[in-house]
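In: have a look at this prediction, sequence included:
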Amino acid sequence: MGRRLTWRRTDLSVGPVDAALALLGATVESTTEDGTVAVRLTEVEAYGGSDDPGSHAFRGPGRRNATMFGPAGLAYVYFTYGMHWCLNVVCCPDGEPGAVLLRAGEVTRGLDLARTRRPGASDRDLARGPARLTRTLGVTGAADGVDLLDAGSPLRLTARAPTPAEVVWGPRVGVAGEGGSTPWRVHLAGDRTVSVYRPATPRRKPTAFG
DNA sequence: CCGACGATTTCCT
DNA sequence: GGAAATCGTCGGT
């Protein structure tokens, strides 16, 4: 069952779970004035809409998540923890929210440039985590809303991959509450660039007693 | 190896 | 006001 290895928008307009599977093994490529870096995706996570408490779209559209309600194939990029960018692929028909978070991958092009963006990191760790991946690719909020299926975009999806032989589904990383147990994280089995699983960790608020 | 914690800012309630 | 789809560092075992 060979699969076409080029993208059509309808390939991604299939909801977050199916889109997550379609994106595994595929390549994201970023071009800046410094050059081009490409990453082969080894780990992604699905996020839904009003029925998914773990999703940014759970409470409807707002300033940050507006792109999630756009057409499939757009990049939804958000800023979190005061310092990190995360990159998603929008994966539902226009007006319906849903996205796939790109969590980890392997650098397959532009290794020298990637290394300069992540000083001190091992090659294995260059894109091993959602914020590491955006740093390695040079992705920031400027890429929010970019069409990933346009070959002329600075950030784009290039090759699809054959259906992975073996994938592993599990709970999403860092998602608290009801959405925390939904097994919508998926990665290539046995791949060393997959990030380490961590449950959501509530942080202790500072007390008057130190 | 492992768990704890601080950094730092945006967004929503 | 508080939580957040994280990461690097630090200290202990």
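Out: Looks like it arrived, so ask away.

In: how far off centre is stretch A:128-141?
Out: 9 Å (Cα atoms, centre = their mean, to the nearest Å).

In: run through who's touching that stretch.
Out: Stretch A:128-141 is contacted from outside by A:28, A:30, A:32, A:34, A:37, A:39, A:75, A:77-81, A:84-87, A:101-105, A:107, A:114, A:117-118, A:121, A:125-127, A:155, A:193-195, using Cβ atoms under 8 Å, 6 or more residues apart in numbering. Placement of C-beta: from N, CA and C, glycine included.

In: which of those residues come close to DNA strand C?
Out: A:Thr80, A:Tyr81, A:His84, A:Cys86, A:Leu101, A:Arg118, A:Ala121, A:Asp125, A:Ser195 (Cβ under 7 Å from any atom of the strand).

In: so who does the fifth one touch?
Out: Applying Cβ under 8 Å, 6+ apart, one finds that A:Leu101 lies in contact with A:Val44, A:Glu45, A:Ala46, A:Tyr47, A:Cys86, A:Leu87, A:Asn88, A:Pro130.

In: going through the contacts of stretch A:128-141, which ones are buried?
Out: Buried by 16 or more other Cβ atoms under 10 Å: A:28, A:30, A:37, A:39, A:75, A:77-78, A:85-87, A:101-105, A:107, A:114, A:117-118, A:121, A:125-127, A:155, A:193-195, out of the contacts of stretch A:128-141.

In: tell me how far the spatially most central residue of chain A lies from DNA strand B.
Out: Nearest to the mean C-alpha position of chain A, by Cα atoms, centre = their mean, lies A:Leu102 at 1.5 Å. Distance, A:Leu102 to DNA strand B, by Cβ to the nearest atom of the strand, to the nearest Å: 20 Å.

In: same deal with A:Ala99?
Out: For A:Ala99, the distance to DNA strand B - Cβ to the nearest atom of the strand - is 15 Å.

In: which stretches of chain A form strands?
Out: Per DSSP state E, chain A carries strands over the ranges A:27-32, A:35-47, A:75-80, A:84-90, A:99-109, A:155-157, A:167-170, A:185-188.

In: so A:Val77 makes contact with A:Val90?
Out: No: look at A:Val77 against A:Val90 with Cβ atoms under 8 Å: they stay out of range, at 10.7 Å.

In: bridge partners for A:Thr36, pull those for me.
Out: Beta-bridge pairing for A:Thr36 (DSSP bridges): A:Thr31.

In: burial measure for it, as a count.
Out: A:Thr36 has 14 neighbours, counted by other Cβ atoms under 10 Å.

In: same check, this time on A:Thr67
Out: Neighbours around A:Thr67, by other Cβ under 10 Å: 21.

In: which residue is the nearest non-sequential neighbour of it?
Out: A:Tyr76 (4.3 Å; Cβ to Cβ, 6 or more residues apart in numbering).
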